[in-house]
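In: okay, predicted coordinates and the sequence, questions at the end:
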Amino acid sequence: MSYSVPKGTKDLLPEDTYKWQFVEEVIRNICRKYGFNEIRTPIFEHTEVFVRGVGDTTDVVSKEMYTFEDKGKRSITLRPEGTAGVARSIIENSIASGPQPTKLYYLSAPMFRYENPQAGRQRQFHQFGLEIFGAPNASVDAETIALAWEVLNAVGVHNLSLNINSIGCPECRPKYREKLIAYFEERKDKLCKTCLERLYKNPLRILDCKEESCHEVGKDAPLIIDHLCPECSDHFEKLKSYLDEYGINYKINPHIVRGLDYYTKTVFEIISDEIGAQGTVCGGGRYDGLVEQLGGPKLCGIGFGMGMERLMMVIEGTGAAALPEKPRLDCYIASMGENARVKCVGILKTLRDNGISADMDHVSRSMKAQFKYAGKLGVRFVASIGDNELERGMARLKNMDTGEEKEVAFAEIGEAIKNA
Ligand code: ATP
Ligand code: MG
């Protein structure tokens, strides 16, 4: 019997994990610079958190959730996104009633959606996400976008487009919604089955339907951007001027409505043309009603989720110039016989104590086989200790890149490697 991973999941192997670690390090540093702190919430929540938070007319909640009953007969859901859980957490931990704003991020957090797996679409994937609670000004909308932008630039990704839109608020959206429903009611015959169901529940979603016929009728539909109330309109104008100040180019895309119900005012997506159909690397927006919706105080918020797998795809797709080389072991100690082995353990410890990565033979290979193994590992140096060297307290240190060899006293191996 042999096993394989469940459909839509992937192992992340050492040939890739070091790349993730590099990107994670870049992200952490940038988050720190912008004054964000990390939050880690459970990967499962009570189902209600997502139903109330994300909204039951969304695809994520209605079709894609991993929901099950646990042994205590509670309905539990593996989180499909990060924001609802973070909002639940800041309410529960009284952060929501403390001083604001609160700036949080989560990194490489596993998310679960029951979707059809394709390139850039998995059932378990990972997100880097940001949330800023309690700051109503459009300056944080811009800051959120600027941070995402800086991360992308820092990992060598430049060819992206930023699409922004405003989807209004409970003041202006209902009036617009009526207009939109009236528009689509006259063109019902052109809508797909899903959009017919959405027509009265969530008509805005028709605007980003991927079906060709829906897309066609949607083209002439009234736009929310022309129906914003003065406050939302002012917010959007300010966002644009702040983005200009950050030097970030944007495209206004009035058809971006985002898949989750909690959004208000600003919504945005950062899209790559280089990774095929699943081109959205980052999506986010403002969610001024969410915290209240989950039983907390009236507290506005804004955030985004960035798909780590898609980010890695764009990085690789654009040449991966910013990625470091795979880390190499600094020193492998090759030796023969038990006496030498004891000595090796001591040398190994000293090297590691001095910050040099080192390893030795643990399987009693021949000297020749040890060199071969070290070559396969791609180590920088091999320190070999035969009987003769052991007697004299010396090792032969070979630079595996240049082939150069010299004799070095045991105590000086570390120094010799550091100086190379
Ligand atoms: P899409 O339109 O591609 O389904 P979405 O609107 O459902 O995306 P969000 O909920 O906004 O996605 O999640 C934010 C980001 O997480 C996306 O922009 C994408 O990079 C990533 N993402 C979403 N779903 C998946 C998935 N199934 N597999 C891999 N990455 C995903
Ligand atoms: Mg989706």
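Out: Arrived safely. Numbers count the residues shown, from 1 in each chain. Ligands and ions are numbered 1, 2, ... in the order given.

In: what does the helix or strand hosting I30 rub up against?
Out: Assignment of secondary structure by DSSP states H and E places I30 within helix 14-33. For helix 14-33, contacts defined as Cβ atoms under 8 Å, 6 or more residues apart in numbering pick out 12, 38, 105, 107-108, 128, 130, 147, 150-151, 154-155, 308, 311-312, 315, 320, 323-324, 326-327. Yep, even glycine has a C-beta here, placed from its N, CA and C like the rest.

In: mind running it again at 6 Å?
Out: For helix 14-33, contacts defined as Cβ atoms under 6 Å, 6 or more residues apart in numbering pick out Y105, L107, S108, F128, E150, V151, A154, V155, L323, P324, K326, P327.

In: which residues touch stretch 365-384?
Out: 328-334, 336, 361, 395-398, 400, 413, 417.

In: close to ligand 1: what parts of the stretch 151-300 of the chain are there?
Out: Residues of the stretch 151-300 of the chain lying close to ligand 1 by Cβ under 6 Å from any ligand atom are G259, Q278, T280, V281, C282, G283.

In: make a markdown table out of those and add pLDDT.
Out: Putting those into a markdown table (pLDDT from 0 to 100) gives the following:
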| residue | pLDDT |
| --- | --- |
| G259 | 65 |
| Q278 | 80 |
| T280 | 93 |
| V281 | 95 |
| C282 | 96 |
| G283 | 96 |
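
In: take these and keep only those in helices.
Out: Secondary structure defined by DSSP state H assigns none of those to helices.

In: just to revisit the earlier point, nearest to L243 among the contacts of helix 14-33?
Out: Using Cβ to Cβ, E150 is the member of the contacts of helix 14-33 that lies nearest L243, at 13.1 Å.

In: what residues does the stretch 1-150 of the chain put near ligand 1?
Out: Counting by Cβ under 6 Å from any ligand atom, the residues of the stretch 1-150 of the chain lying close to ligand 1 are E81, R113, E115, G120, R121, Q122, F125, Q127.

In: repeat that with 5 Å
Out: Of all the residues in the stretch 1-150 of the chain, those in contact range of ligand 1 (Cβ under 5 Å from any ligand atom) are R113, E115, R121, Q122, F125.

In: give the buried residues for the helix holding I30.
Out: By neighbour count with 16 or more other Cβ atoms under 10 Å, helix 14-33 contains the buried residues K19, W20, F22, V23, V26, I27, I30, C31.

In: give me the buried subset of the contacts of stretch 365-384.
Out: The neighbour-count criterion (16+ other Cβ under 10 Å) marks 330-334, 336, 361, 395-398, 400, 413, 417 among those as buried.

In: closest residue of this protein to ligand 1?
Out: Distance from ligand 1 to each residue of the chain (Cβ to the nearest ligand atom) is smallest for G307, at 2.3 Å.

In: keeping just the C-alphas, turn the helix holding I30 into PDB.
Out: The C-alpha coordinates for helix 14-33 follow below in PDB (Å, rounded to 0.1, in the frame of the first residue of the first chain):
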ATOM      1  CA  PRO A  14      13.600  21.500   0.600                       C
ATOM      2  CA  GLU A  15      14.300  22.500  -3.000                       C
ATOM      3  CA  ASP A  16      11.500  25.100  -2.500                       C
ATOM      4  CA  THR A  17      11.300  25.800   1.200                       C
ATOM      5  CA  TYR A  18      14.400  27.900   1.300                       C
ATOM      6  CA  LYS A  19      12.800  30.200  -1.300                       C
ATOM      7  CA  TRP A  20       9.700  30.500   0.800                       C
ATOM      8  CA  GLN A  21      11.900  31.300   3.900                       C
ATOM      9  CA  PHE A  22      13.600  34.000   1.900                       C
ATOM     10  CA  VAL A  23      10.300  35.600   0.800                       C
ATOM     11  CA  GLU A  24       8.900  35.300   4.400                       C
ATOM     12  CA  GLU A  25      12.000  37.100   5.700                       C
ATOM     13  CA  VAL A  26      11.500  39.900   3.200                       C
ATOM     14  CA  ILE A  27       7.800  40.200   4.200                       C
ATOM     15  CA  ARG A  28       8.600  40.200   7.900                       C
ATOM     16  CA  ASN A  29      11.100  43.000   7.600                       C
ATOM     17  CA  ILE A  30       8.700  45.100   5.500                       C
ATOM     18  CA  CYS A  31       5.800  44.500   7.900                       C
ATOM     19  CA  ARG A  32       8.000  45.500  10.800                       C
ATOM     20  CA  LYS A  33       9.000  48.800   9.000                       C
END
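
In: many thanks, have a good one.
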